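In: below are the sequence and a predicted model for it; my questions follow.
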Amino acid sequence: MQWKLYLRILLGLLLLGAILWGFNHRQQFDPAQLEQWVNDAGWWAPLLFMAIYALATPLFLPGSLLTLAGGALFGPLWGTLYNLTGATIGAALSFLLARTLAGEWVEQKSAGRLEQLMQGVEREGWRFVALVRLVPLFPFNLLNYALGLTRISFWSYLLATWIFMLPGGFAYTWLGYLGREAATGSASLVQNLMIGVALLAMVALLPRMVNRFRGDKSGIDDSTREDS
């Protein structure tokens, strides 16, 4: 129906305006104000923090600052849980918005190399999502919208996003926790610093490990095809 098209265009324009607003104001993000809101929320603090993170993701607000803030406010374990949950909900919102507003149009218009690319991504499914979460080749906020334009299963996307963002999410949450420890002069600062360095080293090595695994797997597949 024609009214559905007009509604999609209107919602798309509103979303675009909100994204432009968020992108233009990302440098004005105030962690101190966020901390004040969370501290004033009492028992509702985790829900408020995850809601802010979820809304910030589709609006292109700086997720790295939120992740660090989560570690400083809630510690490394609970902070990781709240960060991952908020980021995953935000990624799901972006995915669904893109699929609802433009997924059908992109499917109709895709052809040639674009269609081949889309088909390759869709064949990989959750494995492609896992790869781009472990090896952040593209900006997180933009990638969420781009994946929504494919036919990847929503639930596969959601679970792979949460699970495979865990290593990097935990490392950066620990950095936020470490910053709070340094500010308060904790006696365990040196030990926590060493753990933080080890986590960052692990995250830095993940892309090489993933590429090596994919290369080995490709070699096995090729030899299997030759034997057959």
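Out: Nice, thanks for sending it over.
In: what's next to stretch 148-156, contact-wise?
Out: 92, 94-99, 102-103, 106-107, 118, 121-122, 125-126, 128-129 (CB atoms under 8 Å, 6 or more residues apart in numbering). Every residue, glycine included, has its C-beta placed from N, CA and C.
In: ok, now which ones touch the most centrally placed residue in the chain?
Out: Among the residues of the chain, the one closest to the centroid is F140, at 5.0 Å (CA atoms, centre = their mean). By CB under 8 Å, 6+ apart, the residues touching F140 are T57, G63, A87, A91.
In: the helix or strand where the third one lies - contacts with which helices or strands?
Out: This means A87. In the assignment (DSSP states H and E), A87 maps to helix 76-98. With contacts taken as 3 or more CB pairs under 8 Å, 6 or more residues apart in numbering; DSSP states H and E, helix 76-98 sits against helix 45-56, helix 63-74, helix 140-148, helix 154-164, helix 166-184.
In: and the pLDDT at the residue nearest to the centre of the chain?
Out: Per-residue pLDDT puts F140 at 88.
In: kindly report the same for L55.
Out: You'll see L55 listed with a pLDDT of 92.
In: report how many residues lie close to the residue lying closest to it once chain neighbours are set aside.
Out: In this structure, L55 finds its nearest non-sequential neighbour in G90, 6.9 Å apart by CB to CB, 6 or more residues apart in numbering. For G90, the tally of surrounding residues (other CB atoms under 10 Å) stands at 27.
In: which SS class is N39?
Out: helix (DSSP: H, G, I helix; E, B strand; the rest coil).
In: residues in contact with it?
Out: A45.
In: neighbours of the closest residue to A102 other than its chain neighbours, how many?
Out: Excluding the flanking residues, the one nearest A102 by CB to CB, 6+ apart is L149, at 6.2 Å. Number of residues near L149 (other CB under 10 Å) recorded here: 20.
In: likewise the one 3 residues further on?
Out: Burial of I152 is recorded as 22 neighbouring residues (other CB under 10 Å).
In: measure it to T161 for me?
Out: 11 Å (CB to CB, to the nearest Å).
In: for those two, list the residues in contact with both.
Out: V129.
In: can you select the buried ones from the contacts of F140 in ChimeraX?
Out: Selecting only the buried entries of those in ChimeraX, with 16 or more other CB atoms under 10 Å as the criterion:
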select :57,63,87,91
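In: now the contacts of F140 as TSV including distance to I9?
Out: Formatted as TSV, those follow (distance: CB to CB, whole Å):
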residue	distance to I9
T57	23
G63	28
A87	29
A91	24
